[in-house]
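# sequence plus the predicted model coming up.
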Amino acid sequence: MSTLTQPTIDEARIDRPGGASNILAVVRLHLVNRYSVFAVPWMIMGGIFVVNVAIWWIIFSSISSEADRADARDGLEFSGALFYIFVYMLVLGIQAVAFTFPFALGFSVTRRDFWLGSALTFIGLSAVYSAGLTVLAAIEVATDGWGLGGSMFATFYFGGADASWIERFGLYFAAYLFFYFVGAAIATIYQRWRNNGMLVLFGTLALLLVAGIALASFTSSWPSVWAWFGSNGPSGVIAWSLVPTAIAAITGYFILRRATPKN
């Protein structure tokens, strides 16, 4: 799961007959480079957090009016600083297939076991990171934005300051799963069809986006589109992301069944 190192034979330890043992072996294989899987995401998040703290301090140090401070607090609820960590998980999802899949096949791991092991890894990592973000969000709310009125973890997109811990955990969890499985599905397309697959994929997505915009414009449906987003809210939209997540997981599996890795 890393571009930095390839696992060695001893590290992988895929030496037992198929089934559950091979699925767990794939999980271990994904977690061989713990630095990229566990350390780097927290380092990225820590760096983003330090930058945000500096920005909050500058903002509130330059504001003397309570009304302006309240406006600034409201604006910070829409911070997208946390989005970068999810992008990194998209990259990990891609690497999980692009770098680990050919290696695993060399040890007679079936494509089914590899995908199930990858899915189990994604679910486990999503739970771990969601728990971490939930704790950070609780601290942020309890300390009134780290004593500065800022908002990075308990933002509007993840339920805001009034969300319960279980609601916030569920939203984080759904978001992580989405980026992991979408990244992995993209990698399976590359494994199956290489550059041509990438061109067709992103070309199709671009056409669908343009067609959707054109359809909403020509049918004057934009009010209905915004009404749907408004009625569901950010939390509802993230919950709905479980649908494309499931599609990506199922599609990725069937594509991987016919994929042949090439060096």
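Noted; the coordinates are in hand.
# what's near enough to touch Gly145?
Trp56, Arg73, Leu76, Ser151 (CB atoms under 8 Å, 6 or more residues apart in numbering). All C-beta spots, glycine's among them, are computed from the backbone N, C-alpha and C.
# neighbours around the nearest residue to the third one once chain neighbours are set aside, how many?
In this case it means Leu76. Leaving out its chain neighbours, the residue that sits closest to Leu76 by CB to CB, 6 or more residues apart in numbering is Ser151, at 4.5 Å. Ser151 has 26 neighbours, counted by other CB atoms under 10 Å.
# ok, now Ile85?
As a burial measure, Ile85 scores 19 neighbours (other CB under 10 Å).
# what's the answer for the one 5 residues further on, then?
Burial of Leu90 is recorded as 18 neighbouring residues (other CB under 10 Å).
# packing partners for the helix or strand containing it?
Here Leu90 sits within helix 83-98, counting by DSSP states H and E. Packed against helix 83-98 by the contact rule (3 or more CB pairs under 8 Å, 6 or more residues apart in numbering; DSSP states H and E) you find helix 40-61, helix 111-142, helix 165-218.
# angle of that helix against helix 40-61?
Interaxial angle of helix 83-98 relative to helix 40-61 (axes from the mean of the first three to the mean of the last three CA atoms, to 10 degrees): 170 degrees.
# dump helix 83-98 to PDB, restricted to CA.
Taking C-alpha atoms only, helix 83-98 is exported to PDB below (Å, rounded to 0.1, in the frame of the first residue of the first chain):
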ATOM      1  CA  PHE A  83     -10.800  16.900   2.700                       C
ATOM      2  CA  TYR A  84      -7.100  16.400   2.000                       C
ATOM      3  CA  ILE A  85      -6.900  13.400   4.300                       C
ATOM      4  CA  PHE A  86      -9.700  11.700   2.300                       C
ATOM      5  CA  VAL A  87      -7.800  12.400  -0.900                       C
ATOM      6  CA  TYR A  88      -4.800  10.600   0.600                       C
ATOM      7  CA  MET A  89      -7.000   7.600   1.300                       C
ATOM      8  CA  LEU A  90      -8.100   7.600  -2.400                       C
ATOM      9  CA  VAL A  91      -4.400   7.300  -3.200                       C
ATOM     10  CA  LEU A  92      -4.000   4.400  -0.800                       C
ATOM     11  CA  GLY A  93      -6.900   2.700  -2.400                       C
ATOM     12  CA  ILE A  94      -5.300   3.000  -5.800                       C
ATOM     13  CA  GLN A  95      -1.900   1.700  -4.400                       C
ATOM     14  CA  ALA A  96      -3.600  -1.200  -2.700                       C
ATOM     15  CA  VAL A  97      -4.400  -2.700  -6.000                       C
ATOM     16  CA  ALA A  98      -1.800  -1.200  -8.300                       C
END
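# okay, buried residues for that helix please.
Within helix 83-98, the residues that count as buried by 16 or more other CB atoms under 10 Å are Ile85, Phe86, Tyr88, Met89, Leu90, Leu92, Gly93, Ile94, Gln95, Ala96, Val97, Ala98.
# centre of the chain to whichever strand or helix holds Arg69, how far?
Applying DSSP H and E as the criterion places Arg69 in helix 66-76. Here the centre of helix 66-76 is set off from its chain's centre by 30 Å, with CA atoms, centre = their mean, to the nearest Å.
# what's the angle from that helix to helix 40-61?
160 degrees.
# one step back: the residue nearest to Leu76 in helix, strand or coil?
Counting by DSSP: H, G, I helix; E, B strand; the rest coil, the backbone at Ser151 sits in coil.
# show me the contacts for it.
Arg73, Leu76, Glu77, Ser79, Glu140, Gly145, Ala161.
# at 7 Å what do you get?
Taking CB atoms under 7 Å, 6 or more residues apart in numbering, we find Ser151 in contact with Leu76, Glu77, Ser79, Glu140, Gly145.
# separation between the second one and Ser64?
Between Glu77 and Ser64 the computed distance is 21 Å (CB to CB, to the nearest Å).
# sorry, back to before: and among the helices and strands packed on helix 83-98, the most buried is which?
Comparing these by mean neighbour count (mean count of other CB atoms under 10 Å), helix 111-142 ranks first with a mean of 19.
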